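Engineer: have a look at this prediction, sequence included:
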Amino acid sequence: MLDLQFIRDHADQVKTAMINKGIGDGTLVDELISADEARRDLITRTQETQTESNAAAKAIGALMKEGKKDEAQSAIAESSRLKAALKDLEEAQKAAQEQVNALLLEIPNVPHESVPVGRTPEDNEVAFEWGAFPEFGFDAMPHWELLDDHGMADFDRGSKVSGAGFPFYTKDGARLQRALINFFLDEAVAAGYMEIQSPLVVNEDSARGTGQLPDKEDLMYEAQRDGLYLIPTAEVPVTNLHRDEIFESDALPIRYCAYTPCFRREAGSYGKDVRGLNRLHQFDKVELVHFVRPEDSYQALEDLREHAERLLQKLELPYRRLLMCTGDMGFTQSKKYDLEVWSAAQERWLEVSSISNFESFQARRMMIRYRADGERKPRIIHTLNGSGLALPRIVAALLENNQQSDGSIRIPEALQGHFGAEQIGD
RNA sequence: GGAGAGGUGGGUGAGUGGCUGAAACCACCGGUUUGCUAAACCGGCAUACGCUUUAAAGGCGUAUCGGGGGUUCGAAUCCCCCCCUCUCCGCCA
């Protein structure tokens, strides 16, 4: 969420941001500001009454001690009267606070000035392209056929055991998963990230902290009986790791990498968009998370992006980088890049990484702060995250792009050590 | 899952209804002393919110002793629910 004071001081800027993100016409901002005025008025009145009440209670204590029972008695009557007034005020104040909170949660983050204004995915800016599309002298097979030919995955039995979107990986398929996970983690650690393993379920507070609640509960599988959610991304547990903490100034930046399975309920479209590994309910991902000082966050975004891109280059996968436009970037982000790899048989781009700067939007809700040198008041930090990388579509592109005329699949050199072979198939 | 004991400021830890936003000690920051270090001594040291010409700073106030609710004129202290930690038992990778 945004800082209320910031919204008050920059109402027009926030309204423009909402319109550019395609979220309402900005009238919510005016509603919020007037709700906040009402709230503050009630707070002031409540506190004044509370002050009187506290003074009265204190006086009663003193009178009792001196044995002046009669005077104490009339003071108690006065105090009781104040208490009744206080109760009404407190209820009104609580309601006003809730209204402000609810409105505040509906105000999206403000896009960075470098973000292109636009409404649809067509308005995203292709900022960079790398690598050449492979040329085949034969009919290239989509990855689901390649998986099948090499016995690398079993979708049918996955459906039987769990449901659609929960494949088994088998033989070289399972080994390729393991190789990629290790490759991504090793690269991240070499780049200075601290490797951690996180819980795969989180409580409600954590889901709220990173913004999955209250609006996106349909995204997550829920263990209702225990009040827990299966994580849709490691972003949730890893960012919440430092919820309600105050860092010393020399503790930042902190950079984590974490491998986790991710669980997503989202019922997507049908047909070839969701064929094979294109869209799953459970998939594996290495996530990168940064906790940084505000002044460092845009440099950190570029560092994060470059790290993710280096992985694609090492895997020799043609990719492009999109700078997401205001309308397609999401509610909580202030700037976001997507990386998409070229899937040679499907002849389409597949999103494999999403890299975002949230500025203070997440950290404010989670109260993650740091104490700047010489400053008394703690400041909200900035958080960022990005995939480094998500596996299924990497596997899809890897298989499709590297298929050979003899039916075998070449493993990129950088991955051969982790995989333990130069190719799949004879 | 069963039984018991606990959760107080960065840490240890006092505090069983008004004198406690909270003793004391440690850590940390500033100062005095000092050839340097150490020691000693003095001072400071939570967070959020509201008000204050809301630029800071300062001042005033309110709330917070795991979380929520209740009793009371008044709660860290009494009652209820929940969460967490520890010990023992059970179960288990």
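Structural biologist: Thanks, I have it. Numbers count the residues shown, from 1 in each chain, chains lettered A, B, ... in the order given.
Engineer: if I pick the residue of the stretch 201-350 of chain A found nearest RNA strand B, what's in contact with it?
Structural biologist: Closest to RNA strand B within the stretch 201-350 of chain A is A:Ile246: 6.5 Å, counting by C-beta to the nearest atom of the strand. From N, CA and C alone the C-beta is placed, and that goes for glycine too. A:Ile246 sits next to A:Arg369, A:Tyr370, A:Arg371, A:Pro378 when contact means C-beta atoms under 8 Å, 6 or more residues apart in numbering.
Engineer: please apply the same query to A:Glu340.
Structural biologist: With C-beta under 8 Å, 6+ apart, A:Glu340 has these contacts: A:Tyr319, A:Arg320, A:Leu322, A:Trp349, A:Leu350, A:Glu351, A:Val352.
Engineer: out of the residues you listed, who's the most crowded?
Structural biologist: A:Val352 (26 neighbours; other C-beta atoms under 10 Å).
Engineer: confirm it sits in a strand?
Structural biologist: Yes - secondary structure of A:Val352 (DSSP: H, G, I helix; E, B strand; the rest coil): part of a strand.
Engineer: filter the contacts of A:Ile246 by proximity to RNA strand B?
Structural biologist: A:Arg369, A:Arg371, A:Pro378 (C-beta under 7 Å from any atom of the strand).
Engineer: just the buried residues out of those residues, in PyMOL syntax.
Structural biologist: The following PyMOL line selects those of the ones next to RNA strand B among the contacts of A:Ile246 that are buried, judged by 16 or more other C-beta atoms under 10 Å:
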select buried, chain A and resi 369+371+378
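Engineer: which of the ones next to RNA strand B among the contacts of A:Ile246 sits closest to A:Trp144?
Structural biologist: A:Arg369 (47.6 Å; C-beta to C-beta).
Engineer: got the phi/psi numbers for that closest one?
Structural biologist: Per-residue torsions, A:Arg369: phi -130, psi 170 (degrees, to the nearest 10).
Engineer: that one against A:Ala363, yeah?
Structural biologist: Yes - judged on C-beta atoms under 8 Å, A:Arg369 makes contact with A:Ala363 at a distance of 7.5 Å.
Engineer: can you list residues touching both of the two?
Structural biologist: Each of A:Ile380, A:Ile381 lies in contact with both A:Arg369 and A:Ala363 under the rule C-beta under 8 Å, 6+ apart.
Engineer: dump the ones next to RNA strand B among the contacts of A:Ile246 into CSV; add pLDDT as well.
Structural biologist: Conversion of the ones next to RNA strand B among the contacts of A:Ile246 to CSV gives the following (pLDDT from 0 to 100):
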residue, pLDDT
A:Arg369, 90
A:Arg371, 83
A:Pro378, 87
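Engineer: what residues does the stretch 151-300 of chain A have near RNA strand B?
Structural biologist: Neighbours of RNA strand B within the stretch 151-300 of chain A, by C-beta under 7 Å from any atom of the strand: A:Ile246.
Engineer: quick one: low-confidence ranges for the stretch 151-300 of chain A?
Structural biologist: Where the stretch 151-300 of chain A drops to pLDDT under 70, the residues are A:267-272.
Engineer: ok, and what's touching stretch A:87-96?
Structural biologist: A:Ala35, A:Ala38, A:Arg39, A:Leu42, A:Ile43, A:Arg45, A:Thr46, A:Thr49.
Engineer: filter these by proximity to RNA strand B?
Structural biologist: A:Ile43, A:Thr46.
Engineer: and which of the contacts of stretch A:87-96 is nearest RNA strand B?
Structural biologist: Nearest to RNA strand B out of the contacts of stretch A:87-96 is A:Ile43 (C-beta to the nearest atom of the strand; 4.4 Å).
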